[in-house]
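>>> sequence unknown, structure follows:
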């Protein structure tokens, strides 16, 4: 486990803004807090990713209060942070270089949102050669309307995005399963 | 449109192998053939991506007959080809360099499979700054079983993966819509 970093993606206050619509899995943040506490207790590496949006109307723009991390995912001074402006945590950042320089070959990934920044970062991490575990109940997403005008629930989008990732890009596990492995 | 390449991902015979399970959208290949013919007629750039699997049991391994392109997506000698061994067409290839060197700022993406190599390549293209259009009826996927043991149909997986991509990473359009814009 010394080679396994906890990668926390975009757990920022701006995602509480009602503009995003209905969300699934309200427990994501408390599960992230449990994982973060366990990683710190075992003195394992933690990496925080912050989205600094360049979209004119995003609550995640760097100058807005929504850019701040939520209380469940506040970094400690010794924990590495990277800021990004696209979905992938690997594009426009030194994340890959940092992982390789520190011999971190595997990642446990949590955060927001399942199908946008989390899925994109999981895919790219796997394709760059890292072993990836994605925590099903420590991520969440929002309802969305398709190009065909059909509305899909946050829970359906979340579930099927996990199905598409599992086995091909990562192992999907629960918070409880990972905490059990860790102790 | 001179700056728009048609990017055809992994339209290879190995995807006819029954090992993949039930597929949706049997019309994908005939729609890809229509788009390819239209791109050629307008003398627009076409790029072919071939998956050369390194998985021991994949029908897409380079030494197997399944590695060959399907008849609907046979490259012409003047069309650019890239081979890859992971999902993203941008990792381990010179695709990004080629697009930038040829001033190709936008991509129309088709191919197999919707939620694995197509979604990953769409996401990375968008995050690298390209304008992306994904053709809903010129891609397809297979049924899959989740980490929870639940089986999801190819059509449900296909639809929800398009929902997660549309607007955030690309515009999702139909073959007919793109052919109408082209002529």
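Done, it's in. The structure displayed is predicted, hence computed values, not measured ones. Residues are numbered from 1 along each chain as shown, chains lettered A, B, ... in the order given.
>>> only C-alpha atoms for contact and neighbour calcs from this point on.
Noted.
>>> and residue A:151, how many neighbours?
Residues near residue A:151, counting by other C-alpha atoms under 10 Å in any protein chain shown, number 12.
>>> list the contacts for it?
Going by C-alpha atoms under 8 Å, 6 or more residues apart in numbering or on different chains, residue A:151 touches A:143, A:144, A:145.
>>> In three-state terms, label residue A:36 for me.
Judged by DSSP: H, G, I helix; E, B strand; the rest coil, the three-state class of residue A:36 is helix.
>>> burial count for residue A:69?
For residue A:69, using other C-alpha under 10 Å, the count is 19.
>>> List the contacts of it.
A:10, A:11, A:12, A:13, A:50.
>>> again, only using 7 Å
A:11, A:12, A:13 (C-alpha atoms under 7 Å, 6 or more residues apart in numbering or on different chains).
>>> quick one: which of the residues you listed is nearest residue B:64?
Residue B:64 has its nearest neighbour among those in residue A:11, at 44.8 Å by C-alpha to C-alpha.
>>> Just to check, residue A:123 is in contact with residue A:167?
No. Here residue A:123 lies out of contact with residue A:167, judged by C-alpha atoms under 7 Å, at a distance of 11.4 Å.
>>> quick one: which of these two has more around it?
Between residue A:123 and residue A:167, residue A:123 has the larger neighbour count (other C-alpha under 10 Å), namely 28 against 13.
>>> So that one, which state does it fall into?
The local conformation at residue A:123, judged by three-state DSSP, is helix.
>>> Can you verify residue A:61 is assigned to a strand?
No. Assessed with three-state DSSP, residue A:61 is coil; it does not lie in a strand.
>>> Contacts only, for the closest residue to it other than its chain neighbours.
Of all residues not flanking residue A:61 in the chain, residue A:53 sits nearest, at 4.5 Å (C-alpha to C-alpha, 6 or more residues apart in numbering or on different chains). Contact partners of residue A:53, counting by C-alpha under 7 Å, 6+ apart, are A:60, A:61, A:62, A:85.
>>> rerun at 6 Å
Residue A:53 makes contacts with A:60, A:61, A:85, as judged by C-alpha atoms under 6 Å, 6 or more residues apart in numbering or on different chains.
>>> just the strands in chain A please.
A:4-9, A:46-51, A:80-84, A:106-112, A:131-140, A:144-145, A:151-152, A:171-173 (DSSP state E).
>>> got a list of contacts for the fourth one?
Spelled out, that is strand A:106-112. Residues contacting strand A:106-112 (C-alpha under 6 Å, 6+ apart): A:4-11, A:130-135, A:138-140.
>>> redo that, cut-off 7 Å
A:3-11, A:32, A:118, A:130-135, A:138-141.
>>> returning to that earlier point: output the strands of chain A as CSV; include the columns distance to residue B:92 and mean pLDDT.
As requested, those are arranged in CSV below (distance: least, C-alpha to C-alpha, whole Å; pLDDT from 0 to 100):
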stretch, distance to residue B:92, mean pLDDT
strand A:4-9, 24, 98
strand A:46-51, 25, 98
strand A:80-84, 22, 98
strand A:106-112, 20, 98
strand A:131-140, 18, 98
strand A:144-145, 33, 98
strand A:151-152, 35, 97
strand A:171-173, 23, 98
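>>> and residue A:90, which of those is closest to it?
Of all the strands of chain A, strand A:80-84 comes closest under C-alpha to C-alpha, at 8.3 Å.
>>> Okay, buried residues for the closest one please.
A:81, A:82, A:83, A:84 (16 or more other C-alpha atoms under 10 Å in any protein chain shown).
>>> Now do that strand against strand A:46-51: the angle between them, please.
Compare the direction of strand A:80-84 with that of strand A:46-51 by axes from the mean of the first three to the mean of the last three C-alpha atoms, to 10 degrees and you get 20 degrees.
>>> how far out from the middle of the chain is strand A:80-84?
12 Å (C-alpha atoms, centre = their mean, to the nearest Å).
>>> Direction included, what does it pair up with?
strand A:46-51 (parallel) (DSSP bridges).
>>> surely residue A:88 meets residue A:123?
No. Taking contacts as C-alpha under 7 Å, residue A:88 lies outside contact range of residue A:123: 8.8 Å.
>>> Just the buried ones from the contacts of strand A:106-112, in ChimeraX syntax?
The buried residues among these can be selected in ChimeraX (16+ other C-alpha under 10 Å) with this line:
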select /A:4,5,6,7,8,9,10,11,32,118,130,131,132,133,134,135,138,139,140,141
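>>> how about the residues of chain A near chain B?
Contact residues, chain A versus chain B (C-alpha under 7 Å from any C-alpha of the partner chain): A:86-88, A:115-116, A:120, A:123, A:127, A:144-147, A:157, A:160-161, A:163-164, A:166, A:172.
>>> what do you get if the cut-off is 8 Å, keeping everything else the same?
By C-alpha under 8 Å from any C-alpha of the partner chain, the residues of chain A that approach chain B are A:86-88, A:91, A:115-116, A:120, A:123-124, A:127-128, A:144-147, A:152, A:157, A:160-166, A:168, A:171-173.
>>> And the buried ones among the residues you listed, selectable in ChimeraX?
In ChimeraX, this line selects whichever of those come out buried by 16+ other C-alpha under 10 Å:
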select /A:86,87,88,91,115,116,120,123,124,127,144,146,147,152,157,160,161,162,163,164,165,166,171,172,173
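>>> Helices - which of the residues of chain A next to chain B land there?
A:120, A:123, A:124, A:127, A:157, A:160, A:161, A:162, A:163, A:164, A:165 (DSSP state H).
>>> Thanks a lot, see you next time.
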